[in-house]
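1. model this:
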Amino acid sequence: MTFAMLLLAQNDLLQVSLPVSTQEKSHQAAVVFEDEPSISKIVLGVDRDAISIDVVGNRLFLKLLKPAEGHLDCVGASARLYRIHVRVAREAPTEVLRVRGPKPVERAVPRPIALVRMMRTGLLEEGVRRLRLDGVVYESRELVARGRMLYRWEGYSGFVLELENRAATELAVDLSKFRGEGLVLAASRSLAIPAGGRTLLYLVFGKAP
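-> Now for the predicted structure:
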């Protein structure tokens with residue numbers, strides 16, 4: 001008898017071994033997909049007359065009716081594909097196999113990107129300082145840039161600038177043209193400003209300029 005928990009990696013093949021059931025003795029294996037609420041589809045790669053399959057929620061119950069070997073492809077509600085290799089048991093048969101996918105790897109968001117997110121949403125993490133700005137930092141016949149907010153966090157400085165298009169036509173925001181000592185990231189709420197319109201520009205510096 002086998003009772004196991006399998007931590008599934010990408011493209012892992014699940015192994016289920018079963019004795020052939022008879023009228024005198026029946027054996028059934030259960031495969032439980034821990035990460036799935038249900039199984040949406042099963043594709044048989046085994047003789048249909050050789051295997052009995054019942055599905056209850058996220059549980060798959062298998063029974064061999066005659067000697068056979070092959071694959072079952074199961075699609076979970078998450079659209080993930082699980083491939084099961086079924087064969088006649090030569091040693092201890094499978095009783096219950098619980099399948100759980102790998103935990104997602106938590107990747108730290110780079111600090112400049114995290115700071116831009118905070119400037120866009122106003123939702124601040126611990127340790128962020130925010131100061132209000134007021135003043136024109138650039139002006140031409142077509143464009144005016146006004147300082148709105150300054151954020152300081154873990155050695156980074158983030159500036160929120162309001163860009164106003166004074167031209168009679170739409171103005172493109174070319175982020176590649178924004179340069180400065182210590183500038184590590186430039187982002188904009190929109191990449192085009194309609195005539196007479198405004199948008200917000202976000203600049204992150206690695207140190208206070």
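2. ok, and the closest non-adjacent residue to Arg141?
-> The shortest distance from Arg141 to any residue that is not its chain neighbour, by Cβ to Cβ, 6 or more residues apart in numbering, is 6.5 Å, and that residue is Arg166. C-beta here means a position set from N, CA and C on the backbone, and glycine is covered the same way.
3. Please tell me I have it right and that neighbour contacts Tyr138.
-> No. Counting by Cβ atoms under 8 Å, Arg166 does not reach Tyr138; the two are 12.0 Å apart.
4. Overlap of the contact sets of those two?
-> Taking Cβ atoms under 8 Å, 6 or more residues apart in numbering as the contact criterion, the common neighbours of Arg166 and Tyr138 are Val144.
5. What residues sit buried inside stretch 15-28?
-> By neighbour count on 16 or more other Cβ atoms under 10 Å, the buried set for stretch 15-28 is 16-20, 27-28.
6. The residue of the chain most remote from its centre: what secondary structure?
-> Here the chain reaches farthest from its C-alpha mean at Glu24, the gap being 49.2 Å by Cα atoms, centre = their mean. In terms of secondary structure, Glu24 is coil; the call rests on DSSP: H, G, I helix; E, B strand; the rest coil.
7. Tell me which residues touch Tyr151, please.
-> 115, 118-119, 124, 128-131, 157-160.
8. Ignore what I typed, I meant Ile51.
-> Residues in contact with Ile51 (Cβ under 8 Å, 6+ apart) are 44, 62-65, 68, 86.
9. Give me the pLDDT for it.
-> The predicted local confidence for Ile51 comes out at a pLDDT of 93.
10. Give me the distance between it and Leu65.
-> With the distance defined as Cβ to Cβ, to the nearest Å, Ile51 ends up 6 Å from Leu65.
11. For the buried residues of stretch 15-28, work out which two are farthest apart.
-> Using Cβ to Cβ, the pair of these lying farthest apart is Val16 and Val20, separated by 13.6 Å.
12. which residues touch the one helix or strand Val137 maps to?
-> Taking DSSP states H and E as the definition, one finds Val137 inside strand 129-139. When contacts are defined by Cβ under 8 Å, 6+ apart, strand 129-139 is touched by residues 124, 144-153, 159-161.
13. All the helices of the protein, in order from the start?
-> 111-121 (DSSP state H).
14. how about low-confidence regions in it?
-> In the predicted model of the chain, residues 1-11, 102-107, 207-209 satisfy pLDDT under 70.
15. okay, now the domains of it?
-> The record's domain split for the chain, according to automatic domain parsing, is 2-100, 111-205.
16. strand partners of the strand holding Val137, parallel vs antiparallel please.
-> Each strand that pairs with strand 129-139, with its direction, by DSSP bridges: strand 143-153 (antiparallel).
17. quick check: angle from the strand it pairs with to helix 111-121?
-> Computed with axes from the mean of the first three to the mean of the last three Cα atoms, to 10 degrees, the direction of strand 143-153 lies at 120 degrees from that of helix 111-121.
18. what sits against the spatially closest residue to Gly197 that is not a sequence neighbour?
-> Leaving out its chain neighbours, the residue that sits closest to Gly197 by Cβ to Cβ, 6+ apart is Asn165, at 5.5 Å. The contact partners of Asn165, by Cβ under 8 Å, 6+ apart, come to 142-143, 171, 193-198.
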